[in-house]
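Student: curious how this folds, go ahead:
(one chain, ligands or ions: 1)
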Amino acid sequence: MSEAKNNNNSFTLIDNRTNEKIELPVFEASVGPDVIDIRKLYAETDCFTYDPGFTSTGSCESKITFIDGDKGVLLYRGYHIGELADNSDFMETCYLLLYGELPSPEQKRKFETGITYHTMVNEQMSTFFRGFRRDAHPMAIMCGVVGALSAFYHDSLDINDPHHRLVASYRLIAKMPTLAAMAYKYSIGQPFMYPRNDLRYAENFLYMMFGTPCEPYKVDPIIARAMDRILILHADHEQNASTSTVRLAGSSGANPFACISAGIASLWGPAHGGANEAVLNMLEEIGTKDRIPEFIKRAKDKSDPFRLMGFGHRVYKNFDPRAKVMQQSCHEVLDALGVHDEPLLEIAMELERIALEDEYFIEKKLYPNVDFYSGIIFRAIGIPTSMFTVLFAVARTVGWVAQWNEMIEDKSQKIGRPRQLYIGKTQRDFVPLHMRT
Ligand code: SDX
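Tutor: Below is the predicted model of the structure:
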């Protein structure tokens with residue numbers, strides 16, 4: 001622990017097998033749960049702790065993001081997500097997550113310029129796309145091409161060099177929209193669009209997604225603002241599965257591009273970032289409001305693997321604060337686009353209403369999460385369903401690199417190597433093939 005306070009607080013553990021007492025120090029959080037330091041437990045008890053899914057385990061100390069699951073609170077470096085979504089922009093939020101403070105006007109200008117001048121990718125990157133089938137899932141492409149960045153940027157691979165880490169962080173934040181747009185263009189057989197240095201981050205991304213070389217393309221400022229806000233909402237989220245994947249990969253000394261590629265792979269899962277795509281597919285499968293009870297019933301049936309996508313969360317046992325902002329943005333974007341009869345939104349709102357009144361969802365504290373409404377906005381903007389999780393990855397890259405940098409700068413960090421409860425066979429003699437029946 002580099003900075004957490006102990007104040008001589010501790011837990012006393014009594015080993016009932018030996019009646020021995022073990023003092024385990026408690027480290028105090030600035031807000032939220034304190035932690036019990038169990039680092040000496042194995043040496044003193046010959047036992048491991050056991051916590052599949054890490055529901056009660058802190059893997060690190062961090063100053064970046066705080067979540068209060070019971071109150072539905074999310075803070076980036078102490079600032080409430082709702083305040084940032086309403087008053088900040090994604091570039092400023094990136095600066096905040098990376099450096100820990102909101103930038104001055106000059107710091108913000110320099111940061112945005114730094115990101116802008118890293119948005120192009122090496123021209124040879126485009127040949128990787130041609131190796132994929134046109135109908136390849138864009139997340140499969142992103143796993144490949146983001147990892148491949150490490151084959152090009154040898155001047156930002158030394159994880160022990162702070163300047164290398166900073167350049168790699170800028171490159172990843174800057175190049176993700178370019179690569180994401182290339183994955184989309186490749187899937188529809190249109191030419192890649194180069195980033196433009198006169199456009200801001202979200203606007204540039206939408207330009208590369210929907211512009212063509214054949215005519216000028218003007219991004220709708222309302223959509224650009226909605227995209228920017230969505231990026232803010234998805235930027236970081238404490239030690240979620242993909243961030244923990246990035247930290248674990250980084251703990252072995254792997255280069256930053258490889259670590260972010262690992263994070264993309266983890267985010268792809270439907271239980272995690274892939275849920276936004278799964279929500280849209282679920283709403284389309286439901287099709288009409290009168291079929292909602294059938295799906296609610298399936299979600300409650302233990303024998304049915306179906307889960308209500310976009311509902312529930314490991315940490316939030318209240319509304320996901322991002323879902324509230326997303327719902328508000330959903331209505332704003334649809335109104336601005338003059339989309340008033342979006343059947344999927346009608347189904348989503350009715351599904352939310354019914355679920356929130358249902359005893360099962362109330363008892364298990366299952367509320368809509370960040371993925372419940374995002375897909376409806378993305379579809380209204382013209383983003384294809386298969387690109388939804390790619391957008392999540394674009395936004396989350398700043399959180400991943402901020403957490404990766406924090407992990408490397410943490411003096412107490414070492415290679416992540418969990419243990420296990422072994423329940424397999426004890427040692428036995430080998431039986432030669434001719435003696436087996
Ligand atoms: C994200 O971690 C993060 O911070 C992630 C994220 C981020 O920003 O990085 O917030 C992004 O991943 C949001 C979550 C998106 N995923 C989904 O919407 C998929 C649907 N949700 C579930 O798969 C589930 O809620 C999880 C995976 C999100 C959380 O699972 P947990 O914490 O492991 O909870 P659990 O599976 O132990 O569920 C507790 C109970 C179970 O019933 P019992 O075994 O106790 O009887 O609630 C039930 C579950 O069956 N349950 C659901 C449900 N989610 C949980 N039942 C029906 N539908 C659901 N969606």
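
Student: which stretches of the stretch 1-150 of the chain form strands?
Tutor: Per DSSP state E, counting those that start in this stretch, the stretch 1-150 of the chain carries strands over the ranges 10-15, 20-27, 35-36, 65-68, 73-76, 79-80.

Student: what residues does this protein have near the ligand?
Tutor: Contact residues, the chain versus the ligand (CB under 6 Å from any ligand atom): 53, 237, 240, 271-273, 275, 299, 307-315, 364, 366, 369-371. All C-beta spots, glycine's among them, are computed from the backbone N, C-alpha and C.

Student: now intersect those with the helices, please.
Tutor: 275, 299, 371 (DSSP state H).

Student: ignoring the adjacent residues along the chain, who's closest to the first one?
Tutor: Meaning residue 275. Once flanking residues are discounted, residue 275 sits nearest to residue 371: 4.0 Å by CB to CB, 6 or more residues apart in numbering.

Student: pull out the buried positions in the longest helix along the chain.
Tutor: As assigned by DSSP H, the longest helix anywhere in the chain is helix 162-188. Neighbour counts over helix 162-188 (16 or more other CB atoms under 10 Å) mark 164-165, 167-187 as buried.

Student: who is residue 25 paired with across the strands?
Tutor: Here residue 25 shows beta-bridge partners residue 10, assigned using DSSP bridges.

Student: what's it in contact with, if anything?
Tutor: Neighbouring residues of residue 25 by CB atoms under 8 Å, 6 or more residues apart in numbering: 6, 9, 10, 36, 37.

Student: per-residue pLDDT, the residue lying closest to the second one once chain neighbours are set aside?
Tutor: What it means is residue 9. Using CB to CB, 6+ apart and skipping residues adjacent in sequence, the residue nearest residue 9 is residue 26, 4.1 Å away. pLDDT, residue 26: 96.

Student: distance of residue 26 from the ligand?
Tutor: If you measure residue 26 against the ligand using CB to the nearest ligand atom, to the nearest Å, the figure is 25 Å.

Student: so the residue nearest to residue 275 touches residue 309, yeah?
Tutor: Yes: using CB atoms under 8 Å, residue 371 is in contact with residue 309, at 7.1 Å.

Student: neighbours of whichever residue of the stretch 201-350 of the chain sits closest to the ligand, how many?
Tutor: Closest contact between the stretch 201-350 of the chain and the ligand, by CB to the nearest ligand atom, is at residue 312 (2.4 Å). Neighbour count for residue 312, taken as other CB atoms under 10 Å: 20.

Student: list the contacts for it?
Tutor: By CB under 8 Å, 6+ apart, the contact list for residue 312 reads 364, 366, 367, 369.

Student: how close does it get to residue 234?
Tutor: As judged by CB to CB, to the nearest Å, residue 312 and residue 234 stand 18 Å apart.

Student: same check on residue 406?
Tutor: Using CB to CB, we find residue 406 at a distance of 19 Å from residue 234.

Student: in terms of pLDDT, where does the residue nearest to residue 275 sit?
Tutor: Note for residue 371: predicted pLDDT of 92.

Student: how much space separates it from residue 171?
Tutor: To residue 171, residue 371 is 28 Å away according to CB to CB.

Student: distance of residue 194 relative to residue 134?
Tutor: Residue 194 sits at a distance of 21 Å from residue 134 (criterion: CB to CB).

Student: what stretches of the chain score poorly on pLDDT?
Tutor: 1-3 (pLDDT under 70).

Student: which stretches of the stretch 301-437 of the chain form helices?
Tutor: Secondary structure of the stretch 301-437 of the chain (DSSP state H, counting those that start in this stretch): helices at 321-336, 343-357, 359-363, 371-381, 388-409.

Student: which one of those helices lies nearest to residue 96?
Tutor: For residue 96, the closest of those is helix 388-409, at 9.2 Å, according to CB to CB.

Student: packing partners of the closest one?
Tutor: The contact analysis (3 or more CB pairs under 8 Å, 6 or more residues apart in numbering; DSSP states H and E) places helix 388-409 against helix 90-99, helix 138-148, helix 162-188, helix 221-233, helix 241-251, helix 256-267, helix 275-286, helix 371-381.
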